[in-house]
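Q: this one's structure only:
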């Protein structure tokens, strides 16, 4: 990952620029709330400086105990061998449902 990366998650207000340290803090916070069951990369598509991963993943929310499974698509742009842009797509409704109590 480059020192500064343009990051976007579907449903967020992004894209926004963050540093490696900010990305690490994001993942630490995320992993405090969610436990990964699996992350499956089915296909990679590459052209020029871009790579797309198509797959699926499953997470368990540590607070609610609910599990979600969702298709996943990750889009990367590289420069000098490092990620400079990242955009992820997943089922936001399933994520919201797993994050909230009934």
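A: Good, I have the coordinates. Note that the structure is predicted; figures quoted are calculated from it, not measured.
Q: Which residues does residue 40 form beta bridges with?
A: On the basis of DSSP bridges, residue 40 is bridged to residue 56.
Q: check contacts around it.
A: 55, 56, 57 (Cβ atoms under 8 Å, 6 or more residues apart in numbering). Backbone N, C-alpha and C define where each C-beta goes, glycine included.
Q: For the last one, give me its contacts.
A: I take that to be residue 57. 36, 37, 38, 39, 40, 69, 70, 72, 90.
Q: just the second one next, same as before
A: Shown here is residue 56, whose contacts under the criterion Cβ under 8 Å, 6+ apart are 38, 40, 42, 69, 70, 71, 72.
Q: any idea what sits nearest residue 35, other than its immediate chain neighbours?
A: Leaving aside its sequence neighbours, residue 35 sits nearest to residue 60 (Cβ to Cβ, 6 or more residues apart in numbering; 4.7 Å).
Q: Residue 74 now?
A: Here the residue nearest residue 74, using Cβ to Cβ, 6+ apart, is residue 53, at 4.4 Å.
Q: next one: the helix or strand encompassing the one you found to chain centre, how far?
A: Using DSSP states H and E, the element containing residue 53 is strand 50-61. Distance, stretch centre to chain centre, for strand 50-61: 7 Å (Cα atoms, centre = their mean, to the nearest Å).
Q: buried residues in it?
A: Of the residues in strand 50-61, 53, 56, 57, 58, 59, 61 count as buried by neighbour count, 16 or more other Cβ atoms under 10 Å.
Q: Distance-wise, check the residue nearest to the spatial centre of the chain relative to residue 70.
A: The structure's the chain has its C-alpha centroid closest to residue 88; by Cα atoms, centre = their mean the separation is 5.1 Å. Residue 88 is 11 Å from residue 70, where distance means Cβ to Cβ, to the nearest Å.
Q: what about the strands in the protein?
A: 4-9, 16-19, 34-47, 50-61, 67-79, 82-90 (DSSP state E).
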